[in-house]
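> how does the following fold in three dimensions:
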Amino acid sequence: MNQTRNFLLFAWLMLAVLIWQAWQQDHAPPPPVEPTTGSTSASPAGPAVPSPTAAAAATVAPGAAATAGVHAGPPLVLSNDVLSLRIDPQGANLVGAQLLGYAQTEQRGSPRVDLLSADPTHLFVAESGIVSASGHAPSHTAVYQAEGPAAPATLASGSNAVSRSFLWTDPSGLQVRKTYTLHRGSYVIDVREEIRNGSTAAWTGNDYRWLRRVPPVLKHSAGGSLTNPEAYAFVGAAWYSPEDKYETRALSKFEPALDKTVTGGWMAMVQHYFVAAWIPDPKQAMKLSIASNTAGGETYYSIIAQGPGMAIPAGGSSVQDSRLYVGPSLQDVLANTAPGLQLTVDYGWFTLFAGPIYWLLSKLHGLLGNWGWAIIVLVLLIRAAMYKLSDAQYRSMAKMKALQPRLDALKERYGDDKQQFQMAMLELYKKEKVNPAGGCLPMLIQIPIFLALYRVLLYSVELRHAPWVGWIHSLSDPDPYFVLPGLYLIAMFATQRLSPMAPGMDPTQRKMMQAMPLVFGVMFAFFPSGLVLYYCVSTGLGLWQQWWLMRKHGTLPTAAKKA
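Numbering: from 1, shown residues only. Predicted structure coming up:
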C-alpha cells in the first residue's frame, strides 16, 4: 500500500467517524415525554418519599407551590470568590449558581456562566427536603425564613468561609435549619440540615435531594452537528458507587427506571464542560431514582436520592451533612472532591488514549503556561515517538520501489492469471523480506491518537476559551480568520505534490485524492482552532519528515529532488 493510498484511507476513516457522530445526534430518538419512575419504596426506618413523578409534577418551576398563606420572598445571594449562589426561601433551594471565572463567550464583557438557573428555558436547580408519615416536615416546597440580613452574604477579605442559614418551624414543635457554606476558591457547597424535635412525641422521617433540569439550549454552529461539540456531548444523569463505579443515563434515553441503593457514592447532572453533583455522607446509604415529566410543552428530568430513615425522640435532634459540587469539570478538582467524580469528563470509547493525552497536555501546560504551545510540543513528542515507525515505513516504500520492475515482469509473465501472479508476488515479497503492509502501521496508530485528541480538545473545560497567540482568543472555537485552515490546506497540497499518484490509479480514486485536502480544509474552518492547530503543525512537520525520509531512502520524486 503506497503513501497515497495510506493517506486516502486515513482521511476517510477520520471523516467517517466525525460524520457518524453527527448522524448519531441528528437521528437520536426524541427524549421520552411519559414519566419514567424508579421505585421509591420506604426504607425500614421511615416513611417513603413521594414518588419522583408526583414530586416532579408538583414543582414545574421554583416558587410554583409555596406554603398556603406564606410568602417566600425573593432569592438571597451567597457568594465566594468563584461562585455566586441564589437561594430561594421556598424550600431553601439553590435556584441559581453563577460561575464567576467562566464567561459565556470569549468576548470582553460577556456575562458569566449560570450553571443553575430558575429561568424556565434553562431550568436547572438543586433541591432538597424532608418527608414524614406524620406530615410534620418541610418538603422542597416549604417556606423557610432567612436568618440574618437579606443583603448578599459575600466572602469577606481575610475570611475562608461564608454561610447562610434558613429556618423552618412547625406548630408541633419540629424545627429544621438548613445552612449553606462556601469556602474560598472552592466550588463545593457544604449543606447541613439540623432537625430538632421540640414536640412531645417521637418523630420519624426521611430526607431527600434531587437535581432537576430541562435540556440545555445548544449554541449555534455554522457547521451544524458535525462541528458543534455540544450537539453530541453527553447531557444527562450520572451516579457512582464503589461496587458498580460510574454509570450514566442520557436525557435522550432516560429509561428504564432506576432503583438502586448506593453507599459511598454520589449523583450528578452532567453537561458539556460543567457538572452539578450531590455528595452525601460517605457512610450514608441513598436510594436513587430518576423521573421525567412534561408540562407546558417542556420536559423536566430529575435524579433523586432518598436518604435513610431518621428516628428522633421527643426533645432530641439530628444533623444531616452533605456536599454539593456546582462548577466546571476540572478533572483534578473533581478527583479531589469525591471518588470517581472526575469520570464525569467522559471521553467515551477513547478514554484509554484520551486519558494519557490529557495528562501529558496538562503537564506541558504547567511548564509552558499556554495550551496552544502545549499542543505544538505534543505534536513534536508524538512525531518523535513515531519516527522509527515512519523510518521503517519509507524503508519499506524504497524496497517496494526497487522491486517494481520485477513486479512488472511478473505481471507480464502471468498475464490474466491473477492467482498465479498473486502467489508469485507474495513469494517475491517473502524472498526479499518486504512487508507490503509496512506503511500502514503509522497510519493505524494515528487514528486512535486523532480521535482521542479530538475528544480531549472538545470536552476538557481547561481548554475552553483558552487563548494561544494573536488572533486565536479561544482554542475551543473556530479560527475567526481561517488562517490555520488555510495553512493546513497548503501543507496538504504540498504533501500531495511530494507523493505523486500512481499512473495507473483509478480515475475516481484520483479525483477523491485531489479533493480530500479541500474537503478537510473547509471542514476544519468550523472546527475548534486547537484541533486545527494540532493538525496544521502535525501536517507541516510530517511534510518535512516525509521529504527527509524519502531523500534518505532514495524515493524522492524527480520534481522534489530538483527543488
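> centroid-wise, who is the farthest residue in this protein?
Ranked by distance from the centre of the chain (C-alpha atoms, centre = their mean), the top residue is residue 413, with 58.9 Å.
> quick check: phi and psi at residue 190.
Dihedral angles of residue 190 (phi, psi; degrees, to the nearest 10) stand at phi -80, psi 130.
> tell me how many other residues crowd it.
Per other C-beta atoms under 10 Å, the neighbour tally for residue 190 reads 16. Just so you know, the C-beta spots here come from the backbone N, C-alpha and C atoms, and that holds for glycine as well.
> low-confidence bits of the stretch 151-300 of the chain, can you list those?
The model of the stretch 151-300 of the chain has pLDDT under 70 over residues 219-229, 231-232.
> what ranges do the helices span in it?
229-232 (DSSP state H, counting those that start in this stretch).
> give me the element the residue farthest from the centre of the chain is part of.
helix 387-414 (DSSP states H and E).
> pLDDT averaged over that helix, what's the number?
Averaging pLDDT along helix 387-414 gives 80.
> can you list the buried residues in it?
For helix 387-414, the neighbour count (16 or more other C-beta atoms under 10 Å) marks 389-400, 403, 410, 414 as buried.
> for it, packing partners?
helix 418-432, helix 440-459, helix 529-552 (3 or more C-beta pairs under 8 Å, 6 or more residues apart in numbering; DSSP states H and E).
> got the angle for that helix vs helix 440-459?
Between helix 387-414 and helix 440-459, the angle comes out at 130 degrees (axes from the mean of the first three to the mean of the last three C-alpha atoms, to 10 degrees).
> can you give me the offset of helix 387-414 from its chain's centre?
45 Å (C-alpha atoms, centre = their mean, to the nearest Å).
> any idea of the angle it forms with helix 418-432?
140 degrees.
> could you give the angle of helix 387-414 to helix 529-552?
Going by the same axes, to 10 degrees, helix 387-414 makes 60 degrees with helix 529-552.
> right, and the helices and strands packed on helix 387-414 - which one's nearest residue 323?
helix 440-459 (24.2 Å; C-beta to C-beta).
> what helices and strands are in contact with that closest one?
Using 3+ C-beta pairs under 8 Å, 6+ apart, helix 440-459 sits against helix 3-26, helix 351-368, helix 387-414, helix 529-552.
> which of those sits most buried?
When the helices and strands packed on helix 440-459 are scored by mean count of other C-beta atoms under 10 Å, the highest mean neighbour count falls to helix 529-552 (a mean of 20).
> give me the mean pLDDT for that one.
86.
> in terms of secondary structure, what does it contact?
helix 371-385, helix 387-414, helix 440-459, helix 483-498, helix 507-524, helix 558-562.
> give me the angle between that helix and helix 483-498.
Using the same axes, to 10 degrees: helix 529-552 against helix 483-498 is 20 degrees.
> care to break this protein down by domain?
Domains of the chain are assigned by automatic domain parsing as 3-18+362-562, 31-218+291-327.
> TSV for the ones you listed, including distance to residue 341?
Formatted as TSV, the domains of the chain follow (distance: least, C-beta to C-beta, whole Å):
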stretch	distance to residue 341
domain 3-18+362-562	14
domain 31-218+291-327	7
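> ranking those by burial, who's on top?
domain 31-218+291-327 (a mean of 18).
> how much distance is there from it to the middle of the chain?
25 Å.
> after the strand ranked longest in the chain, next one along is what?
The residue-count maximum for a strand in the chain (DSSP state E) belongs to strand 298-312. Remark: after strand 298-312, the chain's next helix or strand is strand 317-328, criterion DSSP H and E.
> looking at the helices and strands packed on helix 387-414, which is closest to residue 100?
Using C-beta to C-beta, the helices and strands packed on helix 387-414 put helix 440-459 closest to residue 100, at 22.5 Å.
> between that closest one and helix 371-385, how many degrees?
Using the same axes, to 10 degrees, helix 440-459 lies at 160 degrees relative to helix 371-385.
> could I have helix 440-459 exported to PDB, CA atoms only?
Provided in PDB are the C-alpha atoms of helix 440-459 (Å, rounded to 0.1, in the frame of the first residue of the first chain):
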ATOM      1  CA  CYS A 440       0.100   1.000   7.300                       C
ATOM      2  CA  LEU A 441       1.300   0.900  10.900                       C
ATOM      3  CA  PRO A 442       2.000   4.600  11.400                       C
ATOM      4  CA  MET A 443      -1.400   5.400   9.900                       C
ATOM      5  CA  LEU A 444      -3.200   2.900  12.100                       C
ATOM      6  CA  ILE A 445      -1.500   4.300  15.200                       C
ATOM      7  CA  GLN A 446      -2.500   7.800  14.300                       C
ATOM      8  CA  ILE A 447      -6.300   7.000  14.100                       C
ATOM      9  CA  PRO A 448      -6.800   6.500  17.900                       C
ATOM     10  CA  ILE A 449      -4.500   9.400  18.600                       C
ATOM     11  CA  PHE A 450      -6.600  11.700  16.400                       C
ATOM     12  CA  LEU A 451      -9.900  10.600  17.900                       C
ATOM     13  CA  ALA A 452      -8.600  10.700  21.500                       C
ATOM     14  CA  LEU A 453      -7.100  14.200  21.000                       C
ATOM     15  CA  TYR A 454     -10.300  15.300  19.300                       C
ATOM     16  CA  ARG A 455     -12.200  14.300  22.400                       C
ATOM     17  CA  VAL A 456      -9.700  16.000  24.800                       C
ATOM     18  CA  LEU A 457      -9.800  19.300  22.900                       C
ATOM     19  CA  LEU A 458     -13.600  19.300  22.700                       C
ATOM     20  CA  TYR A 459     -14.500  18.100  26.200                       C
END
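> any chance of the helices and strands packed on helix 387-414 in TSV, with distance to residue 185 too?
Below are the helices and strands packed on helix 387-414 laid out as TSV (distance: least, C-beta to C-beta, whole Å):
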stretch	distance to residue 185
helix 418-432	63
helix 440-459	24
helix 529-552	27
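> wait, which of the ones you listed is closest to residue 468?
The closest of those to residue 468 is helix 529-552. By C-beta to C-beta, the value is 6.8 Å.
> please report how far residue 389 lies from residue 448.
14 Å (C-beta to C-beta, to the nearest Å).
> ok, the buried residues of helix 387-414 vs residue 368, which is closest?
Distances from residue 368 to these, taken by C-beta to C-beta, are shortest for residue 390, at 25.6 Å.
> right, and the closest one touches residue 544 too?
No: counting by C-beta atoms under 8 Å, residue 390 does not reach residue 544; the two are 11.5 Å apart.
> shared neighbours of those two, which are they?
Counting by C-beta atoms under 8 Å, 6 or more residues apart in numbering, residue 390 and residue 544 have no common neighbour.
> many thanks, I have nothing further to ask.
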